[in-house]
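*Asks:* I would like to see how this sequence folds:
(one chain, ligands or ions: 1)
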Amino acid sequence: MVTYINEVTRMQMIQAAKSKSPDRFVKRLNYNTKQFKDVDFKRLFEDDTFFWYAGVGDHMVILEFDGAFEELKWLTKGMKGPNKINRLTQEMVTKALSLALDESDLRVACACEDWKYRYRFYSVEKGYSADPAAGKYHYRPKYKRTNKDDNKGYVCKHILAVLYGKRWIPAAAKAWLAWMKANPELTSQYLFSEKYLKKLDKKLSIDVPQETEEDGGND
Ligand SMILES: [Zn+2]
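*Replies:* Numbers count the residues shown, from 1 in each chain. Presented below is the predicted three-dimensional model:
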């Protein structure tokens, strides 16, 4: 299990909507997230950030969280022998994504008016914004006028639809797994790094001569 320092988690966002924005909480039911796509899996390996543009109704939601790769590393730690990548299962990957989604800080954003005028300002203040335009609009006062007491929970109904159901997770896992199998070298470098590091050490000691004191030069 990976430890996280929490700002705002998935459950907090859902609970706050239930108590402070019951209308939005109910309206989330009108939306199904469209088919899973558009995740940069290389980035998921390189900085352990899952970044997804999800189509929800007429709007685009951004969902971003860390830790899925770290969870997968943890879940596959005991694997021994060759062909580890072929033994990765959708179940493992689903579990890794699901654990990270529940435990980590989420960063979210939506393209709707509700988000823009009621949540964006506070999402920046509280550190849960994934909005690329957030900084640009942050200090324009009108963006917090419609929610001046910050009493409407954390997120709009579109983001709630993505957070609540979790039905997209197996689809995300399937896509991630397909990517790993299509990129076995990169995957084993990142995921089974002990082997990778050993190989890298060996390669470096053969190919790259070590600098000696003589090479340093004397003045
Ligand atoms: Zn929205």
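*Asks:* Spell out which residues sit in contact with the closest residue to residue 25 other than its chain neighbours, please.
*Replies:* Once flanking residues are discounted, residue 25 sits nearest to residue 17: 4.5 Å by CB to CB, 6 or more residues apart in numbering. Bear in mind the C-beta positions are built from the backbone N, C-alpha and C, glycine included. By CB atoms under 8 Å, 6 or more residues apart in numbering, the contact set of residue 17 is 24-25, 28, 153-155, 160.
*Asks:* Between the residues you listed, which sits nearest the ion?
*Replies:* Nearest to the ion among the contacts of residue 17, counting by CB to the ion, is residue 155 at 7.6 Å.
*Asks:* Now do the same for the residue lying closest to the closest one once chain neighbours are set aside: its pLDDT.
*Replies:* Nearest non-adjacent residue to residue 155, counting by CB to CB, 6+ apart: residue 13, 5.3 Å away. For residue 13, the pLDDT comes out at 92.
*Asks:* I'd say residue 13 and residue 164 touch.
*Replies:* No. Using CB atoms under 8 Å, residue 13 is not in contact with residue 164; the gap is 9.2 Å.
*Asks:* Residue 71 is in contact with residue 95, correct?
*Replies:* Yes. The criterion here is CB under 8 Å, and residue 95 meets it with residue 71 at 7.4 Å.
*Asks:* More neighbours: the two, which one.
*Replies:* Using other CB atoms under 10 Å, the more surrounded residue of residue 95 and residue 71 is residue 71, with 23 against 17.
*Asks:* Now that one: which helix or strand?
*Replies:* helix 68-75 (DSSP states H and E).
*Asks:* which strands and helices sit next to that helix?
*Replies:* Contact partners of helix 68-75 among helices and strands, from 3 or more CB pairs under 8 Å, 6 or more residues apart in numbering; DSSP states H and E: helix 41-46, helix 90-103, helix 184-191.
*Asks:* re earlier: run through the residues that contact the residue nearest to residue 155.
*Replies:* Applying CB under 8 Å, 6+ apart, the residues near residue 13 are 106, 108, 153-155, 159-160, 163.
*Asks:* Write out the residues of the protein neighbouring the ion.
*Replies:* 110, 112, 115, 156, 158 (CB under 5 Å from the ion).
*Asks:* how about the contacts of residue 17 in CSV, adding neighbour count?
*Replies:* Shown next, in CSV, are the contacts of residue 17 (neighbours: other CB atoms under 10 Å):
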residue, neighbour count
24, 21
25, 19
28, 22
153, 24
154, 24
155, 30
160, 28
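*Asks:* Those in helices, which ones?
*Replies:* 24-25, 160 (DSSP state H).
*Asks:* In CSV, list those along with pLDDT.
*Replies:* What follows is these, written out as CSV (pLDDT from 0 to 100):
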residue, pLDDT
24, 90
25, 89
160, 93
